[in-house]
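In: Below are the sequence and a predicted model for it; my questions follow.
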Amino acid sequence: MPETQLKEICEESYNRLKKVCMELEKFLNTTTLNALVQTSPDPEQYEPYYRDYLSDFRHLLVNCENAYEKLGICLRRARFNKEFAEEALYTVYHTCVNMFFYPKGEVYEEDGRNSYTGRDAIIFHKEVAPNLKVLTLGLSKVFEYLRDELQYYETDYVTMKRMSATR
């Protein structure tokens, strides 16, 4: 991939991760487990669900902050380091994008068929609080974009690294 195109993808990923971090941090700083549970129809059933949801979001925030910082270092260097940039984008794909679409707590899942019909691709396993639903669906648009832009790093980057290691 040409260096200028790689730098543009790094900048776009950096800006989008910055937005994700700000939104997640704001949500996690202002929302409590008790507040979410109180808005649910069955507090006993929803408490573990929301606990998993918030835990997944906290892990996602940490991974996004780490990837965001790594991209920032990459972009601030006096001389753009292509290998470091590719590694940073690989990290974004595998630790941020995948973590969003495959949450450990399995509180929602993606139905790729919905994205072709214009409907939201995220299917929640339980009805969630409106603010949580809006946040999750908004983040899904950002991560869909990042996934589309960074799919190259799913296989080609690893293949390239393996080939260079065997030389």
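Out: Cool, the structure landed.

In: switch to C-alpha atoms for all contacts and neighbour counts from now on
Out: Will do.

In: which stretches of this structure have low pLDDT?
Out: 1, 112-119, 153-167 (pLDDT under 70).

In: which helix is the longest one in it?
Out: Ranked by residue count under DSSP state H, the longest helix found in the chain is helix 43-76.

In: Send over the helix or strand following that helix as PDB, restricted to the C-alpha atoms.
Out: Later in the chain than helix 43-76, the nearest helix or strand by DSSP states H and E is helix 82-91. Below are the C-alpha coordinates for helix 82-91, written out as PDB (Å, rounded to 0.1, in the frame of the first residue of the first chain):
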ATOM      1  CA  LYS A  82       5.200   2.400   7.400                       C
ATOM      2  CA  GLU A  83       5.800  -0.800   9.400                       C
ATOM      3  CA  PHE A  84       4.800   0.800  12.700                       C
ATOM      4  CA  ALA A  85       1.600   2.200  11.000                       C
ATOM      5  CA  GLU A  86       0.700  -1.100   9.500                       C
ATOM      6  CA  GLU A  87       1.100  -2.700  13.000                       C
ATOM      7  CA  ALA A  88      -1.100   0.000  14.500                       C
ATOM      8  CA  LEU A  89      -3.800  -0.500  12.000                       C
ATOM      9  CA  TYR A  90      -3.600  -4.300  12.500                       C
ATOM     10  CA  THR A  91      -4.100  -3.600  16.300                       C
END
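
In: Determine the set of other helices and strands touching the longest helix of the chain.
Out: Taking 3 or more C-alpha pairs under 8 Å, 6 or more residues apart in numbering; DSSP states H and E as contact, the helices and strands that helix 43-76 lies on are helix 3-30, helix 33-38, helix 82-91.

In: Quick check: phi and psi on residue 121?
Out: Reported as degrees, to the nearest 10, the phi and psi values for residue 121 are phi -80, psi -10.

In: again, but for residue 122
Out: Here is the backbone geometry of residue 122 (degrees, to the nearest 10): phi -90, psi 130.
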